[in-house]
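Participant: Quick one: sequence plus predicted model below, questions after.
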Amino acid sequence: MKLEGIIQDQLNSLLEIKTDDGYTIESVHYRTTLCVSSQVGCSVRCAFCASGLNGLMRNLSSQEIINQYEIAKDKGFEITNIAFAGIGEPLLNFENVKQAFDYFKSIGLKVSFYTTGFPIKYFKELLHLNHDGLTLSLHSVLEEKRKSLIPNSHSIEELIQVFENHLKTLSSRKRKLYSIGYLLIYGENDSDEELEALANIAKRLNIGVFLLKYNEIESLPFKTTPDEEYEKAFLKLKSNGVRTTLSNRYRTRKIGGCGTLMVNRLVGV
């Protein structure tokens, strides 16, 4: 693998890395965190996400995942945290992801995961890793709506039940490592009904919500929620007693924001 180039804005750096068989994957650096990719493409194919537009090409090896860190480090980026939040669903490449995870932990890095929970047998395993944070990406709490946004996944109740069973075994301090990821998309999953249902699930699990803001992609029909509506959704969750975290300024960028990473830049953003 070799570094093809670095695209930067005021906050984020996007590293374009060429694999030995000619694919280009992307890693994102912000502050001291490196978001790494686990696959070339993605078969989950979330309707709003650029990463799966061309489907899955192949899994990355554990060394290819580690190489993303080594390349970024060699270029002088300070890295204390690894987030499996780049291209691909880490659970669909779980053996290689676990090997990379073990390496990152062995050299003293903190490692967090963002996952749709698919497939569920590996989701159960992931919950028990000695990770430093895990976000379950729901993006809708209405079954049919979520199926339209995330075609390849499990039922919401099945995921929540597995999550709940694990969380019951944890102390309140450990629970703070877990959250629900919810990408707010204008006119899609931002109704009062959905936000109320989301609040109920968060309270049932006794964990917080990471309320992400959608970054528009030219070839897809979804729209960014206006700032005032985004704040309204945040306040609604807060008023329901849910610990809610907004997208930080690093995750609202075109470079490296949620859903904008892609393979070979075949689609513009």
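Facilitator: Arrived safely.

Participant: CA atoms for contacts and neighbours, from now on please.
Facilitator: Noted.

Participant: Which stretches in the chain count as helices?
Facilitator: With helices called from DSSP state H, the chain shows them at 62-74, 94-106, 120-127, 143-149, 156-167, 172-175, 192-205, 227-239.

Participant: can I get the CA coordinates of the shortest one in PDB?
Facilitator: Same thing as helix 172-175. Extracted C-alpha coordinates of helix 172-175, given in PDB (Å, rounded to 0.1, in the frame of the first residue of the first chain):
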ATOM      1  CA  SER A 172     -22.900   2.800  34.900                       C
ATOM      2  CA  ARG A 173     -19.300   3.900  34.100                       C
ATOM      3  CA  LYS A 174     -18.800   1.200  31.500                       C
ATOM      4  CA  ARG A 175     -22.200   2.100  29.900                       C
END
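
Participant: Of the helices of the chain, which is nearest Arg45?
Facilitator: Smallest distance to Arg45 across these (Cα to Cα): 8.6 Å, for helix 143-149.

Participant: mind exporting that closest one as PDB, just the C-alpha atoms?
Facilitator: Taking Å, rounded to 0.1, in the frame of the first residue of the first chain, the C-alpha atoms of helix 143-149 are listed here in PDB:
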ATOM      1  CA  GLU A 143     -38.700  -1.000  11.100                       C
ATOM      2  CA  GLU A 144     -39.700  -0.300   7.500                       C
ATOM      3  CA  LYS A 145     -37.900   3.100   7.400                       C
ATOM      4  CA  ARG A 146     -34.700   1.600   8.700                       C
ATOM      5  CA  LYS A 147     -34.900  -1.200   6.200                       C
ATOM      6  CA  SER A 148     -35.200   1.400   3.400                       C
ATOM      7  CA  LEU A 149     -32.200   3.300   4.800                       C
END
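
Participant: Quick check: buried residues in that helix?
Facilitator: By neighbour count on 16 or more other Cα atoms under 10 Å, the buried set for helix 143-149 is 146-147, 149.

Participant: Over to stretch 190-202?
Facilitator: 190, 194-202.

Participant: ok, back up a step: can you list the buried residues of helix 143-149 in JSON lines and add distance to Lys223 and pLDDT?
Facilitator: Listed next are the buried residues of helix 143-149 as JSON lines, based on distance: Cα to Cα, whole Å; pLDDT from 0 to 100:
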{"residue": "Arg146", "distance to Lys223": "17", "pLDDT": "94"}
{"residue": "Lys147", "distance to Lys223": "19", "pLDDT": "94"}
{"residue": "Leu149", "distance to Lys223": "14", "pLDDT": "94"}
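
Participant: quick one: which of the residues you listed is nearest Gly88?
Facilitator: Leu149 (15.7 Å).

Participant: Check whether the closest one really touches Thr116, as I assumed.
Facilitator: No: Leu149 lies out of contact with Thr116 (Cα atoms under 8 Å); the separation is 11.3 Å.

Participant: Could you list the buried residues of stretch 69-87?
Facilitator: Buried-residue list, stretch 69-87, by 16+ other Cα under 10 Å: 69, 71-72, 77, 79, 81-87.

Participant: What is the nearest of these to Ser155?
Facilitator: Distances from Ser155 to the buried residues of stretch 69-87, taken by Cα to Cα, are shortest for Ala85, at 21.9 Å.

Participant: Just confirm that closest one contacts Thr116, I think it does.
Facilitator: No: with contacts counted by Cα under 8 Å, Ala85 stays clear of Thr116, the gap being 10.9 Å.

Participant: Sketch out the low-pLDDT regions of this structure for me.
Facilitator: 248-269 (pLDDT under 70).

Participant: In the stretch 1-150 of the chain, what residue spans correspond to strands?
Facilitator: 2-8, 13-18, 24-30, 33-35, 39-41, 56-59, 81-84, 110-115, 134-137 (DSSP state E, counting those that start in this stretch).

Participant: Give me whichever of those strands is most buried.
Facilitator: Mean neighbours per residue, mean count of other Cα atoms under 10 Å, is largest over the strands of the stretch 1-150 of the chain for strand 39-41, with a mean of 27.

Participant: List the contacts of it.
Facilitator: Surrounding strand 39-41, the residues in contact under the criterion Cα atoms under 8 Å, 6 or more residues apart in numbering are 23, 25, 51-60, 87-90, 93, 262-263.

Participant: which ones are touching Ala100?
Facilitator: Residues near Ala100 by Cα under 8 Å, 6+ apart: 62-63, 65-66.
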